[in-house]
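In: what's the 3D shape of this:
(one chain, ligands or ions: 1)
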Amino acid sequence: MATYVEEHLIEKDVKVMLSARVETILEDGVKLQNGQTVHGDMVFVATGVKPEVTLAKAGGIATGESGAIKVDQRMETNIKDIYACGDCIEQYHVVTGKPVYRPLGSTANKTGRIAGENISGGQLLFRGILGTGIFKIFDLAVAQTGLSEKEAKELGYSVVVSHNIKPSKPFYMGGKELVIKAIADKLTGKLLGVQIIGEDGVDKRLDVFVTAITYGAKAEDLFHLDLGYAPPFSITKDPVMYTGMILDNAIHKERRLMTIEELEKLKASGKPYKIIDARVPKQFEKKHVTGAINIPHENFRMHLKDLDKEIIIITYCNKGTTGNAVQNILMNHGYKEVYNISGGHNTAEKNKKKTKQ
Ligand SMILES: Cc1cc2nc3c(=O)[nH]c(=O)nc-3n(C[C@H](O)[C@H](O)[C@H](O)COP(=O)(O)OP(=O)(O)OC[C@H]3O[C@@H](n4cnc5c(N)ncnc54)[C@H](O)[C@@H]3O)c2cc1C
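Out: Numbering: from 1, shown residues only. I've put the predicted structure just below:
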């Protein structure tokens, strides 16, 4: 997903230097570890946020795993009648139930209200956070909620990852492509996290996902949401619903997805496999996944006889839909282990860039 941001920055004439470590801040720029000097008018330092807990600690107030003040759901600390809220407290994660530290204005404001309510005799309980965040960089909105793929894997979930690219509304209504990466738990089917990038309609989809994850929705539930549709606002099946359909297909209907990292692992494993590019020859000739053969969707059935049923087959198209159609044909003809590349060639290309860095 970060590659989309990088490309957008470059489009806007920003020089992006990755893995470049700053050694010294100079009067007119910075000096990098590799000796290079980069000139500029201003230097921004983004080093994260640490809670200031000196006073709290001196008063015997307990801190949590993250180093921030530990509070209960009423915002009361370990010392009776002493409450804490805002950026100095540790929260807990809705999905994992584990402590997390995500100092954000949305949470600070909410925890302030909860502390106030309880201090004045009420009973309002904090229900945790998903670590939801959204920001805008030039024209691009970048949003995230719940667990990332990496976090989910580290926590031991058996993850299914989908990438889908759909317009925010019809292109004739000024729609722009949205890229949605979603992570679900294979065992329970529950949604664990989502990341979205796009120029239009990102916030709306993010908040639908936040609501769904908060209430423990399964991937299959997303398709059934009665979301608002008219051309100025969305497409008939909203991108959120497509996310649910893709994940549900992968979890329950054996329409398995393969990420490009998993494809690399398969290649290294020595197992026999075949990669099928289901796009038109012109697109294949322009660029394709290394090792792929081109069998376009339109005459795919004619070539079935040439494909071995016993080996692993990986299909793909540009964004995932036609790759899935070809996967369906294969599975309906008794091919057992067929994967569709998650997010298609477009996502594979982004990944290639990331790996090169
Ligand atoms: C540049 C920036 C952009 C941000 N953008 C977003 C965003 O888009 N969305 C989002 O959700 N969050 C955002 N945040 C985070 C958000 O601002 C904080 O989470 C929020 O303000 C925390 O509220 P708070 O009341 O806990 O702490 P603060 O707002 O930091 O308030 C603490 C106050 O205590 C005062 N203080 C400190 N020490 C003492 C002392 N010893 N005596 C008296 N007063 C003291 C400080 O001066 C300050 O006024 C952003 C933060 C920054 C820095």
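
In: for the rest of this, base every contact and every neighbour count on C-alpha atoms.
Out: Will do.

In: close to the ligand: what parts of the protein are there?
Out: 86-87, 103-106, 108 (CA under 6 Å from any ligand atom).

In: mark which of those are buried, thanks.
Out: Neighbour counting with 16 or more other CA atoms under 10 Å marks 86-87, 103, 108 as buried within the residues of the chain next to the ligand.

In: of those residues, which is the nearest to Leu206?
Out: For those, the closest approach to Leu206 (CA to CA) belongs to Pro103, at 19.0 Å.

In: that closest one: what secondary structure?
Out: Under the three-state scheme (DSSP: H, G, I helix; E, B strand; the rest coil), Pro103 adopts coil.

In: so what's the residue nearest to it when sequence neighbours are not counted scoring on pLDDT?
Out: Using CA to CA, 6 or more residues apart in numbering and skipping the chain neighbours, the partner closest in space to Pro103 is Asp87 (4.8 Å). Looking at Asp87, its pLDDT reads 97.

In: how near is Asp87 to Ile235?
Out: 39 Å (CA to CA, to the nearest Å).

In: what does Glu65 give?
Out: 44 Å.

In: just want the most central residue of this protein.
Out: In the chain, the C-alpha nearest the mean C-alpha coordinate belongs to Gln195, at 2.9 Å (CA atoms, centre = their mean).

In: tell me the domain ranges of this protein?
Out: For the chain, the structural domains run 2-39, 54-119, 133-252, 256-356, going by automatic domain parsing.

In: stretch 91-103: which residues count as buried?
Out: Taking 16+ other CA under 10 Å as the criterion, stretch 91-103 shows 91-95, 99-103 as buried.

In: in strands only, show me those.
Out: Residues of the buried residues of stretch 91-103 located in strands (DSSP state E): 91-92, 99-100.

In: using TSV, please lay out the residues you listed together with pLDDT and distance to Ile180.
Out: Shown next, in TSV, are those (pLDDT from 0 to 100; distance: CA to CA, whole Å):
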residue	pLDDT	distance to Ile180
Gln91	97	26
Tyr92	97	25
Pro99	96	27
Val100	96	24
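
In: is it true that the residue nearest to Pro103 touches Ala108?
Out: Yes: counting by CA atoms under 8 Å, Asp87 touches Ala108, with 5.9 Å between them.

In: do you know how far Gly156 is from the ligand?
Out: According to CA to the nearest ligand atom, to the nearest Å, Gly156 and the ligand sit 29 Å apart.

In: just the element for Arg113, please.
Out: helix 105-119 (DSSP states H and E).
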